[in-house]
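S.K.: build me a model from this:
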Amino acid sequence: MMNKLIKQLADQAMEYADGYADEGEPIWWKFYNEKFVEMVVLECADYFSKLGEFNSSQNIKTHFGIEE
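M.R.: Take a look at the predicted model:
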């Protein structure tokens, strides 16, 4: 099951990629993947800047709803 935040970021990356190519084309995947990763990194950076503590491993897993 995909976390709501991850789904939201994926949807935004899809919209971004749709502006450059038709879905499924190799270049579409390039734009999608680059944007999705960029958005995840920015989300992480923003999350930690607000957190005020540093326990990155567990906190980032919790933020994205990932359990091991």
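
S.K.: now the phi/psi pair for the nearest residue to Asp18 once chain neighbours are set aside, please.
M.R.: In space, Asp18 comes closest to Trp28 once its chain neighbours are excluded; the distance is 7.7 Å by CB to CB, 6 or more residues apart in numbering. For glycine as for every other residue, the C-beta is placed from the backbone atoms N, C-alpha and C. The phi/psi pair for Trp28 (degrees, to the nearest 10) reads phi -60, psi -50.

S.K.: mind checking how far the spatially most central residue of the chain is from Gln12?
M.R.: In the chain, the residue lying closest to the centroid (CA atoms, centre = their mean) is Val40, at 3.1 Å. Separation of Val40 from Gln12 (CB to CB, to the nearest Å): 11 Å.

S.K.: please apply the same query to Lys30.
M.R.: According to CB to CB, Lys30 and Gln12 sit 16 Å apart.

S.K.: Lys4 now?
M.R.: Per CB to CB, Lys4 is found 13 Å from Gln12.

S.K.: so between these two, which is more surrounded?
M.R.: The residue with more neighbours, out of Lys4 and Gln12, is Gln12; 13 against 10, by other CB atoms under 10 Å.

S.K.: my understanding was that the more buried one contacts Glu38; is that so?
M.R.: No - the pair Gln12 / Glu38 is not scored as a contact, 10.5 Å apart, by CB atoms under 8 Å.

S.K.: show me what counts as buried in the helix or strand bottoming out on mean pLDDT in the chain.
M.R.: Within the chain, confidence by mean pLDDT, DSSP states H and E is lowest for helix 56-63 among all helices and strands, at a mean of 73. Buried residues in helix 56-63, counted by 16 or more other CB atoms under 10 Å: Ile60.

S.K.: which strands or helices does that helix pack on?
M.R.: Helices and strands touching helix 56-63, as assessed by 3 or more CB pairs under 8 Å, 6 or more residues apart in numbering; DSSP states H and E, comprise helix 26-51.

S.K.: show the pLDDT at Gly52.
M.R.: On pLDDT, Gly52 comes in at 68.

S.K.: correction: the previous question concerned Glu25.
M.R.: The per-residue pLDDT reported for Glu25 equals 90.

S.K.: tell me the secondary structure for Gly65?
M.R.: Gly65 falls in the coil class when you classify it by DSSP: H, G, I helix; E, B strand; the rest coil.
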